[in-house]
Each structure stands twice: as structure tokens, then as C-alpha cells.
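Enquirer: Next comes the sequence, and after it the predicted model I'd like to discuss.
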Amino acid sequence: MIKKILVIHGPNLNLLGEREPGIYGDSSIEVLNSNIIDRAEEQGMSCDVFQSNHEGAIIDKLHAARTEFDGVILNAGAYTHYSYAIRDAIAAIKIPVIEVHISNVFARDGFRSNSVIAPVCKGSISGFGFGSYYLAVQALSEL
Ligand code: DQA
């Protein structure tokens, strides 16, 4: 049963609200995090949040999560498309990791259609705006 979840936001997601609002919306990461935590608590789960622009910090957090959390929601940002190191970190841990994207990565630049992390994630959610995270919370609560 999933009781404790961790949300990891990767590079450039600290600039939500300012960054390309036509694609990522005009709300901040603080608003997003508060909404995610509310939804997790509604489902009877506790939720921590973490953001980093650094590949190694994301890997360290995934490693730490394996003993501290029951599941992870990961928006790896552009690392999604080329970080074999993050892929290997996900493969190395046993707790489920759900890949999320705010935008529909299949409807954008060609390079965004490839996720090197998708094969080692429990599942992937893309294209629902901030709703992608809320759907992932729901999915974890049902595992
Ligand atoms: C993103 C999509 C990625 O292609 C991009 O590099 C991001 C954000 C999304 O949430 O839609 O930084 O992961």
C-alpha cells in the first residue's frame, strides 16, 4: 500500500509560471506543489516535493527515496529524453516511479517523443497540464 510519495521536478520546472506560459501555464511551482499535496492527502497519502536542475541531485534523491517513500512521481524535464543515468537510477530502485509531463511531449519537437526513462517507469502521463501530476497521484493511490 502506498502511504508516502515523493514528487521530483527536474530542470527548469522551478520557473513554472514564467517559463513559456503558452506551453506550461501561468501558475507557479508553489501552487502546483500545494495542489499535489492536497490531492495526496485526500487519498490518505503524505507527499514530499523536490526540485533540482542537476542530474546528480535527481539521482541522489531517487536513491534516497527507495527507503523513505513508497512511490515517486517524476517530471525529469529535458533529462527525460537523454539521461541514461536517471534511467539506470529508476531501474535500480524497487518502488514505482511514474513519469509525468505537463505538455504532450508527442505533439512537440521530434526529440521530445523519445523518453529513455519510460521503459523503466511504472507508467507515463503526458499532456494534461498540471493535471498530469494529479492523475499520477491518483494512479499511485490505486497501486
Ligand atoms: C516537460 C517536457 C520536456 O520535453 C521539457 O524538456 C520540460 C518539461 C513537460 O513537463 O512537459 O522541461 O517534461
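Expert: Received it, and whenever you're ready, just let me know what you need.
Enquirer: Quick one, grab the pLDDT at residue 142.
Expert: Residue 142 carries a pLDDT value of 96.
Enquirer: number of nearby residues for it?
Expert: Here the count is done by other C-beta atoms under 10 Å, and residue 142 has 8 residues near it. Just so you know, the C-beta spots here come from the backbone N, C-alpha and C atoms, and that holds for glycine as well.
Enquirer: Residues of this structure that sit close to the ligand?
Expert: Where proximity means C-beta under 6 Å from any ligand atom, the interface of the chain facing the ligand comprises 12, 75, 77, 78, 80, 101, 102, 103, 105, 112.
Enquirer: Assumed the fourth one was part of a helix.
Expert: Okay, so that is residue 78. Yes. When DSSP: H, G, I helix; E, B strand; the rest coil is applied, residue 78 is found to be in a helix.
Enquirer: Without its sequence neighbours, what residue ends up closest to it?
Expert: Of all residues not flanking residue 78 in the chain, residue 11 sits nearest, at 6.1 Å (C-beta to C-beta, 6 or more residues apart in numbering).
Enquirer: so which strand or helix has the nearest residue to residue 143 once chain neighbours are set aside?
Expert: Nearest in space to residue 143, with sequence neighbours left out and distances taken as C-beta to C-beta, 6+ apart, is residue 2 at 5.5 Å. Secondary structure assignment for residue 2, by DSSP states H and E: no helix or strand.
Enquirer: Let me see the ranges of the helices in this structure.
Expert: With DSSP state H, the ranges of helices along the chain come out as 21-24, 29-42, 55-68, 84-92, 131-141.
Enquirer: In contact with the residue nearest to residue 78, which residues are there?
Expert: Taking C-beta atoms under 8 Å, 6 or more residues apart in numbering, we find residue 11 in contact with 52, 53, 54, 77, 78, 79.
Enquirer: which ones are touching the first one?
Expert: Residue 52 makes contact with 8, 9, 10, 11, 58, 61, according to C-beta under 8 Å, 6+ apart.
Enquirer: On the pLDDT front, check it for me.
Expert: For residue 52, the predicted pLDDT is 98.
Enquirer: Across the sheet, point out what pairs with the residue nearest to the spatial centre of the chain.
Expert: Nearest to the mean C-alpha position of the chain, by C-alpha atoms, centre = their mean, lies residue 74 at 2.1 Å. Residue 74 has the following beta-bridge partners by DSSP bridges: residue 8, residue 99.
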